[in-house]
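# make a model of this:
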Amino acid sequence: MIRTTLPPLPCLLVAAAVLAACAPASPGVHGAAATAPSPAERWTPPAERSAAPVPAPFTPDLPADLAPRRNSLGLGDVVDLALRRSPDTRIAWETARAQAASYGAAQGEYWPELTIDLGVTTLRTAATQGRTAVKQTVYGPTASLTWLLLDVGGRGGRIGEARNALLAADWTHNAAIADVVRGTSLAFYDYVALRALVTARRQSLREAEVNLAASEDRRRVGVATVADVLQAQTARAQARLLVQQTEGDLAVARGVLATAVGLPPTAELEADSAAGRRPVTPLADSVEALIATALERRPDLAAARANVDAARERARAVRAARYPSLTASGTGGRTFIAADGSAGNFYSVGLGLAIPVFNGFTWEYNARAARALADAESARTDRLARDVTSQVFSAYHTLRTAVERARTSDELRGSAEASAEAARARYKEGVGSIIELLAAENALADARAQQISARLAWYAAVVDLAYASGVLEPNGTHGLTLDPAAAPPDSTR
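The predicted model follows:
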């Protein structure tokens, strides 16, 4: 027999190489391959997983108290539903609850830490050098206590950071509510405006059909040509296309509104028929007052300020690592020996003073980093305050423009209606042309759409200004001061 002796290190290297070569493929998941076979192929999920039902992201229907009014929901109804069912508000609320628990946990640093251990140890000594082997079982409880008595700002800084983080989370929850109210309100008014636009488009279609009938009558009596009829047919087809397009937009807007309130997009619901008829009124508040209100009441700005305070408290805690701390500790217990039934008590009490001396300047650099991060958080808050000021200023002037636009659109519709009526009369009397009539009808249809668009712009501008100023309430109302006395008399048409 020939024996080959290999050095230990080469043997280990050979064994490692063999084990590496025998490594199995990546483990699968529930019987499916771990990954797709190639970059160009899709991964196939496990059969039992792919067949699992997917949880529905929506509540199937309206609550019992709102179901009877599904065809006349007001702004307050849809906003209330959106707030109750919004994932965004739920995320923000749960985050605040978690932060509240973290704050409670941080306050635990004021108290001592007490632990009780129950242990059983069995040991057996080896019989060596003439000694007899001994087997022994020892058991008993042990209590340990550690208490931070004094530090220079570390504990207070950590608790202060948690407290301000909780305030920031609560303000963020308020900001999430404001976002949901704003988005739902805009979706509501968009749907109301499109519904009014569908009505206007259908009225224009009916008028186009009347014009077509009039042109055909005139052609039969020999006072119009086939060109007049063809132009009227073209106008009717264009009016029908606008109706179809607007009806499609209305269906999309209804789905968006249903989704906003937590219903499936296919849910049947309808806004209050009186919604959107509020008089267009100018704003009585000054832009300076609104900016001051926004800087005071915007929840996202309040959250940013709380984050600044949290960062400063964090810097305080990090800086405290450079200072001494005083800690008390104690241990006590009772030990039982199973072999002879004997027992004994033991305890220890200590008081320790920890004095940081040197760790390669890590404490100093950490303190500098924490101060810099706090300064950066403060700068972000300043930037947000500037953005808030700009948002209020822009929304303020957008609302003023919307008021003037609504007033002008009312005048435009009035003159367009008078012009169309005159053109119809002239055409009926045989002194006007079909081109003149269709031009007047097109101008009237455009004026109706402009009026509806202008009113939607006013509603949206009110919501945006209330949101920017921090006065948008959870029920969809706002704290803006409007001046009804200055409203145009025909703004509710």
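# and residue 381, how many residues sit next to it?
Residue 381 has 19 neighbours, counted by other CB atoms under 10 Å. Quick note: C-beta positions are derived from backbone N, CA and C, even for glycine.
# that one sits in which helix or strand?
Using DSSP states H and E, residue 381 sits in helix 362-429.
# immediately after that helix, which helix or strand?
With DSSP H and E, the next secondary element past helix 362-429 is helix 434-469.
# and that next one, what does it pack onto?
Contacts defined by 3 or more CB pairs under 8 Å, 6 or more residues apart in numbering; DSSP states H and E place helix 434-469 against helix 154-220, helix 226-260, helix 287-297, helix 362-429.
# among those helices, which is the most enclosed?
A comparison of those by mean neighbour count, using mean count of other CB atoms under 10 Å, puts helix 154-220 on top with a mean of 20.
# helices or strands next to that one in the packing?
Using 3+ CB pairs under 8 Å, 6+ apart, helix 154-220 sits against helix 75-85, helix 87-107, helix 226-260, helix 299-320, helix 362-429, helix 434-469.
# can you lay out these as JSON lines showing mean pLDDT?
Converted to JSON lines, these look like this (pLDDT from 0 to 100):
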{"stretch": "helix 75-85", "mean pLDDT": "93"}
{"stretch": "helix 87-107", "mean pLDDT": "97"}
{"stretch": "helix 226-260", "mean pLDDT": "95"}
{"stretch": "helix 299-320", "mean pLDDT": "97"}
{"stretch": "helix 362-429", "mean pLDDT": "96"}
{"stretch": "helix 434-469", "mean pLDDT": "96"}
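# which ones are touching the residue positioned nearest the centre of the chain?
By CA atoms, centre = their mean, the chain has its centre lying nearest to residue 88, at 4.2 Å. With contacts defined as CB atoms under 8 Å, 6 or more residues apart in numbering, residue 88 is in contact with 176, 179-180.
# what do you get if the cut-off is 10 Å, keeping everything else the same?
Counting by CB atoms under 10 Å, 6 or more residues apart in numbering, residue 88 touches 82, 173, 175-177, 179-180, 183.
# now it: how far from residue 183?
Distance, residue 88 to residue 183, using CB to CB, to the nearest Å: 9 Å.
# overlap in contacts of the two?
Common contacts of residue 88 and residue 183 (CB under 10 Å, 6+ apart): residue 82.
# per-residue confidence for the residue nearest to residue 36 when sequence neighbours are not counted?
Setting aside the residues directly before and after it, residue 36 is nearest to residue 43 in space (CB to CB, 6 or more residues apart in numbering), at 4.2 Å. For residue 43, the model assigns a pLDDT of 87.
# tally of neighbours for residue 43?
When neighbours are counted by other CB under 10 Å, residue 43 registers 11.
# so it, which state does it fall into?
The three-state assignment at residue 43 reads coil, by DSSP: H, G, I helix; E, B strand; the rest coil.
# who's in contact with it?
Contacts for residue 43 were tallied using CB under 10 Å, 6+ apart; they are 29, 32-37.
# what is the nearest of these to residue 207?
For the contacts of residue 43, the residue nearest residue 207 by CB to CB is residue 36; the value is 60.0 Å.
# low-confidence stretches in the stretch 51-200 of the chain?
Counting by pLDDT under 70, the stretch 51-200 of the chain shows low-confidence ranges at 51-55.
# spatially nearest residue to residue 209 (excluding sequence neighbours)?
Distance criterion CB to CB, 6+ apart; nearest residue to residue 209, sequence neighbours excluded, is residue 236 at 5.8 Å.
# state the distance from residue 456 to residue 385.
30 Å.
# so residue 33 makes contact with residue 42?
No: judged on CB atoms under 10 Å, residue 33 makes no contact with residue 42 at a distance of 11.1 Å.
# domain parsing for this protein?
Per the record, the chain has its domains at 70-111+152-321+356-486, 115-125+133-151+324-352, by automatic domain parsing.
# list the contacts for the residue lying closest to residue 152 once chain neighbours are set aside?
Leaving aside its sequence neighbours, residue 152 sits nearest to residue 323 (CB to CB, 6+ apart; 3.7 Å). Contact analysis of residue 323 by CB under 10 Å, 6+ apart lists 150-154, 354-356, 363.
# quick check, nearest of the residues you listed to residue 101?
Among the contacts of residue 323, and counting by CB to CB, the member closest to residue 101 is residue 154, at 21.3 Å.
# what angle separates the strand of greatest length in the chain from helix 299-320?
Using DSSP state E to assign secondary structure, the strand with the most residues in the chain is strand 135-151. Angle, strand 135-151 to helix 299-320, by axes from the mean of the first three to the mean of the last three CA atoms, to 10 degrees: 110 degrees.
# now strand 135-151 - C-alpha only, PDB.
In PDB, the C-alpha atoms belonging to strand 135-151 read as follows (Å, rounded to 0.1, in the frame of the first residue of the first chain):
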ATOM      1  CA  LYS A 135     -21.300  16.200  38.900                       C
ATOM      2  CA  GLN A 136     -23.100  19.200  40.300                       C
ATOM      3  CA  THR A 137     -26.300  21.100  39.400                       C
ATOM      4  CA  VAL A 138     -26.600  24.800  40.400                       C
ATOM      5  CA  TYR A 139     -29.700  26.900  40.000                       C
ATOM      6  CA  GLY A 140     -31.300  30.000  41.300                       C
ATOM      7  CA  PRO A 141     -32.600  33.500  40.500                       C
ATOM      8  CA  THR A 142     -30.500  36.600  39.800                       C
ATOM      9  CA  ALA A 143     -31.700  40.200  39.700                       C
ATOM     10  CA  SER A 144     -29.600  42.900  37.900                       C
ATOM     11  CA  LEU A 145     -30.200  46.600  38.100                       C
ATOM     12  CA  THR A 146     -28.700  49.400  36.000                       C
ATOM     13  CA  TRP A 147     -29.600  53.100  36.400                       C
ATOM     14  CA  LEU A 148     -28.200  56.100  34.600                       C
ATOM     15  CA  LEU A 149     -28.200  58.700  37.400                       C
ATOM     16  CA  LEU A 150     -26.600  61.600  35.600                       C
ATOM     17  CA  ASP A 151     -25.300  62.600  32.200                       C
END
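# direction included, what does it pair up with?
Strand 135-151 pairs in its sheet with strand 113-124 (antiparallel), strand 325-337 (antiparallel), by DSSP bridges.
# single out the most deeply packed of the ones you listed.
For the strands paired with strand 135-151, the largest average neighbour count (mean count of other CB under 10 Å) is found in strand 325-337, namely a mean of 15.
# what's the burial count for residue 270?
Residue 270: 15 surrounding residues under other CB under 10 Å.
# typo on my end, it should be residue 307
Number of residues near residue 307 (other CB under 10 Å) recorded here: 22.
# hmm, residue 380 and it touching each other?
Yes: when contacts are counted by CB under 10 Å, residue 307 is listed as touching residue 380 (8.1 Å).
# quick check: the gap between residue 453 and residue 196.
Residue 453 sits 10 Å away from residue 196, going by CB to CB.
# swap in residue 361?
When residue 361 is compared with residue 196 (using CB to CB), they lie 70 Å apart.
# in the sheet, who's paired with residue 32?
residue 29.
# how about residue 94, what does it touch?
The contact partners of residue 94, taken as CB under 10 Å, 6+ apart, are 169, 173.
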